[in-house]
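Asks: just coords:
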Ligand code: NDP
């Protein structure tokens with residue numbers, strides 16, 4: 001029987017845990033409240049929705065949140081000056097700049113300006129370097145959420161063949177490092193991979209993060225595999241689908257995440273978790 005991994009339920013469980021820890025932190029530290037600053041440049045409709053969701057999630061768990069909205073023509077210097085001020089701001093433990101940024105702003109300059117201790121997205125090169133070398137760090141939220149989904153679904157990782165389709169800096173590459181650190185044997189595929197189906201069929205754990213609607217077909221998946229679908233694709237008829245052809249793949253898999261309601265809700269839960277951790281570390285060093 002196929003187990004459908006319920007990302008909404010698991011993310012809610014995690015948010016409840018974070019809320020309880022936040023209350024504890026307030027009591028133990030005479031009032032420290034995790035604070036998240038979210039910056040949005042421009043008015044991309046999808047980005048606005050994501051920012052709103054992050055704000056709502058902060059409210060739900062009892063965080064302090066602050067939103068900075070800049071018009072699309074704001075120059076890089078202005079954004080950098082705001083980041084600099086937030087780096088010094090004791091009420092803010094996490095800084096998130098919503099991507100993508102308008103073309104005239106270099107995302108690398110912005111990410112590198114954030115204090116790594118407040119980089120709750122886990123995109124700063126210092127955090128990526130720490131992940132690579134097995135040190136404590138803020139880990140990128142989507143791959144970290146995938147690891148949580150696997151763990152909380154009782155799926156063993158050690159010794160498994162894991163195949164990731166997609167090698168982006170925010171999903172595929174950090175996920176490769178996280179799975180490797182947990183002793184999986186990991187293969188990362190991309191557009192130049194020859195015979196993708198031959199590689200994906202080897203997977204005990206298959207993660208699709210390509211951004212191509214329903215590209216993983218039933219015959220690309222080994223019987224009994226765990227299938228994690230990161231993709232979010234809007235079809236012409238308005239339907240939201242993942243990178244996995246769910247109806248074909250689910251009968252073959254032991255576990256599978258749906259879209260929506262799989263990986264998606266985990267990303268924000270991990271952002272909250274990283275912000276709480278930043279506040280707790282700050283409380284210890286104050
Ligand atoms: P990117 O576009 O940055 O990267 C896509 C990767 O997939 C690239 O490495 C690309 O290869 C590879 N790829 C694309 N097409 C194919 C193909 N036909 N065969 C093999 N590899 C392929 O995407 P992101 O990592 O940012 O996002 C991936 C998907 O995940 C998107 O649908 C996005 O919306 C979703 N997403 C969901 C999140 C969530 O919270 N659930 C969070 C982040 C992303 P190459 O490098 O060769 O170009």
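Replies: Happy to help now that I have it. Model, not experiment: these values are computed from the prediction. Numbers count the residues shown, from 1 in each chain.

Asks: C-alpha from now on. contacts and neighbour counts both.
Replies: OK.

Asks: what does the stretch 101-250 of the chain have sitting close to the ligand?
Replies: 142, 165-168, 170-171, 189-192, 209-212, 230-233 (C-alpha under 6 Å from any ligand atom).

Asks: of those residues, grab the buried ones for ChimeraX.
Replies: For the buried members of those, the matching ChimeraX selection, counting by 16 or more other C-alpha atoms under 10 Å, is:
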select :142,165,166,167,170,171,189,209,210,211,212,230,231,232,233
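
Asks: for the residue in the chain sticking out farthest from the centre, helix, strand, or coil?
Replies: The centre of the chain is farthest from one residue, residue 30, which by C-alpha atoms, centre = their mean lies 31.0 Å away. Under the three-state scheme (DSSP: H, G, I helix; E, B strand; the rest coil), residue 30 adopts coil.

Asks: residues making contact with stretch 43-52?
Replies: Contacts to stretch 43-52, defined as C-alpha atoms under 8 Å, 6 or more residues apart in numbering, come from residues 38, 40, 71-72, 98-99.

Asks: pull the distance from it to the chain's centre.
Replies: Computed by C-alpha atoms, centre = their mean, to the nearest Å, the separation of stretch 43-52 from the middle of its chain amounts to 16 Å.

Asks: now that stretch: mean pLDDT?
Replies: If you average the pLDDT over stretch 43-52, you get 93.

Asks: for the ligand, see how far away residue 219 is.
Replies: Using C-alpha to the nearest ligand atom, to the nearest Å, residue 219 is found at 15 Å from the ligand.

Asks: contacts only, for that residue.
Replies: 197, 201, 249.

Asks: ok, back up a step: dump the contacts of stretch 43-52 into a markdown table; add secondary structure as well.
Replies: A markdown table is the format used below for the contacts of stretch 43-52 (three-state DSSP):
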| residue | secondary structure |
| --- | --- |
| 38 | strand |
| 40 | strand |
| 71 | coil |
| 72 | coil |
| 98 | coil |
| 99 | coil |
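
Asks: how about those, which pair is most distant?
Replies: Spanning the widest gap among the contacts of stretch 43-52 are 38 and 72, at 15.6 Å by C-alpha to C-alpha.

Asks: the more surrounded of these two?
Replies: residue 38 (19 against 16; other C-alpha atoms under 10 Å).

Asks: what about the residue of the stretch 1-150 of the chain found nearest the ligand, helix or strand, and which?
Replies: Nearest residue of the stretch 1-150 of the chain to the ligand: residue 142, at 5.4 Å (C-alpha to the nearest ligand atom). Secondary structure assignment for residue 142, by DSSP states H and E: helix 141-152.

Asks: so after that helix, what's the next helix or strand?
Replies: Using DSSP H and E, the next helix or strand after helix 141-152 towards the C-terminus is strand 161-165.

Asks: tell me the mean pLDDT for the next helix or strand after that next one?
Replies: Using DSSP H and E, the helix or strand that follows strand 161-165 in sequence is helix 172-181. The average of the pLDDT scores along helix 172-181 is 98.

Asks: what comes up buried for helix 172-181?
Replies: So, applying 16+ other C-alpha under 10 Å, buried residues of helix 172-181: 172-181.

Asks: now do stretch 273-284
Replies: Result for stretch 273-284 [16+ other C-alpha under 10 Å]: buried residues 273-280, 282.

Asks: distance between it and the chain's centre?
Replies: With C-alpha atoms, centre = their mean, you get 18 Å for stretch 273-284.

Asks: okay, and residue 68 sits in which element?
Replies: Using DSSP H and E, residue 68 falls in strand 64-70.

Asks: other SSEs contacting that strand?
Replies: In terms of contacts (3 or more C-alpha pairs under 8 Å, 6 or more residues apart in numbering; DSSP states H and E), strand 64-70 is packed against strand 35-41, helix 45-61.

Asks: so what strands line up beside it?
Replies: Using DSSP bridges, strand 64-70 pairs in its sheet with strand 35-41 (parallel).

Asks: how far does the strand it pairs with sit from the chain's center?
Replies: With C-alpha atoms, centre = their mean, you get 16 Å for strand 35-41.

Asks: residue 223 against residue 250, yeah?
Replies: No. Using C-alpha atoms under 8 Å, residue 223 is not in contact with residue 250, being 9.9 Å away.

Asks: more neighbours: which of those two?
Replies: residue 250 (25 against 17).

Asks: pretty sure the more buried one contacts residue 258?
Replies: No. Judged on C-alpha under 8 Å, residue 250 makes no contact with residue 258 at a distance of 9.3 Å.

Asks: what about the residue farthest from the centre of the chain, distance to residue 94?
Replies: For residue 30, the distance to residue 94 (C-alpha to C-alpha, to the nearest Å) stands at 20 Å.
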